[in-house]
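*Asks:* Prediction below, plus the sequence it came from.
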Amino acid sequence: MKAKSLFLILTVFLTVTIALTLTHVVYAKQLHIVTTYNYIASITQQITGKNATVTSLASPQFDPHYIVPKPSYIAKLRDADLLIINGAQLEIGWLPPLVRQANNPLIQTGKIGFLDLSQFVKKIEVPAAVSRAQGDIHPEGNPHFYLDPYNILLLAQAIYERLCAIAPENKVLYTENFTAFTNRWKQKVAEWDASMKKMHGTKVIEYHKLYDYFLVRYGITLAATIEPLPGIPPTSKHIATLEEIMPDVSLILQDVYHPDDAAGYLSKKYAKPVIVLPHDVGATKDVTDIFTLFDSIVRRITHD
């Protein structure tokens, strides 16, 4: 009898041990993911949870078009299972040489370990033709599509599907996290929509065509940009043309990385408020993830 009891106990113990081991294996694969910008890292981390190492390359304090490459970036890319970029040529000035030097076959264009998010959204301001006379224009359209909160779920869906393709053994975990993220995001969008209703029809100017997707989403009119052309600093002649429209403008939108002297001048002369907006996670102290990025933008524009 004692032998049978001991055998039963051992059988139960082994069964539980094997079950726990298999459960651990299901969530065992730790991916090394590199993103170009913090907003992508934040979305990705929401889906992977703690089951991946997610690293962002570009500092949110600097112009996302012009990031100074570092040797450490090459090492991170060399070890990456997945590289996720914004795309639409936003990284064209700094990323390609880093990818070449990393020499990682997993993250080359066309491979499963390379994900270009610009392929999953409809872009605005796509030029019919491209000329240097137009300034630093993007031939694939405005690359700042992630600043429309309605595009975030499209990007999250693309990231989720690619993660499941790379690590199918983690699909249950990814699905749970993606579902939770989706539900929370839809609730937040409803809040932002309600707050932004009063801004419909407002006329603004901005330094660079950075917030256009957000402005279009909420019916805000972009009267002009402080840059005469994308990537071209303002001249005194251009500032004079802005002065002509300032009486009809309600807000001046300023990002964290461009000079604010022109915005300050116009603000002081015409008593129009300058609203400094974050463009990425970490651009301002109050923005710690993708949710607080839009919390901050909406709060600053609406003064709520």
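*Replies:* Yep, it's here. Numbering: from 1, shown residues only.

*Asks:* What are the buried residues along stretch 184-199?
*Replies:* Buried residues in stretch 184-199, counted by 16 or more other CB atoms under 10 Å: 185, 188, 192, 195-196, 199. In this view, the C-beta of every residue, glycine as well, is placed from N, C-alpha and C.

*Asks:* contacting residues around the strand or helix carrying Val298?
*Replies:* Counting by DSSP states H and E, the element that carries Val298 is helix 290-302. Helix 290-302 is contacted from outside by 39, 42-43, 46, 147, 149, 152, 184-185, 188, 192, 195-196, 198-199, 211, 214, 251, 253, 275-278, 280-281, 283-284, 286-287, 304, using CB atoms under 8 Å, 6 or more residues apart in numbering.

*Asks:* Can you tell me which of those residues are classed as buried?
*Replies:* 39, 42-43, 46, 147, 149, 152, 185, 188, 192, 195-196, 199, 211, 214, 251, 253, 275, 277-278, 280-281, 283-284, 287.

*Asks:* In strands, which of the residues you listed appear?
*Replies:* Using DSSP state E, 251, 253, 275 are the members of the buried ones among the contacts of helix 290-302 that sit in strands.

*Asks:* between these, which is closest to Arg78?
*Replies:* Distances from Arg78 to these, taken as CB to CB, are shortest for Leu253 (38.6 Å).

*Asks:* What residues does the closest one make contact with?
*Replies:* Leu253 is in contact with 204-207, 211, 275, 277, 301, counting by CB under 8 Å, 6+ apart.

*Asks:* Out of these, flag the one nearest to Pro230.
*Replies:* Tyr207 (10.6 Å).

*Asks:* Can you verify my assumption that Leu163 contacts Glu169?
*Replies:* No - applying CB atoms under 8 Å as the test, Leu163 and Glu169 come out as separate, 11.1 Å apart.

*Asks:* of the two, who's got more company?
*Replies:* Higher neighbour count among Leu163 and Glu169: Leu163, with 28 against 12, using other CB atoms under 10 Å.

*Asks:* Identify the spatial nearest neighbour of the more buried one, chain neighbours not counted.
*Replies:* Among residues not flanking Leu163 along the chain, Tyr174 sits closest, at 5.2 Å (CB to CB, 6 or more residues apart in numbering).

*Asks:* ok, back up a step: how about the ones in strands among the buried ones among the contacts of helix 290-302 in TSV, adding pLDDT?
*Replies:* As requested, those are arranged in TSV below (pLDDT from 0 to 100):
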residue	pLDDT
Leu251	98
Leu253	98
Ile275	98
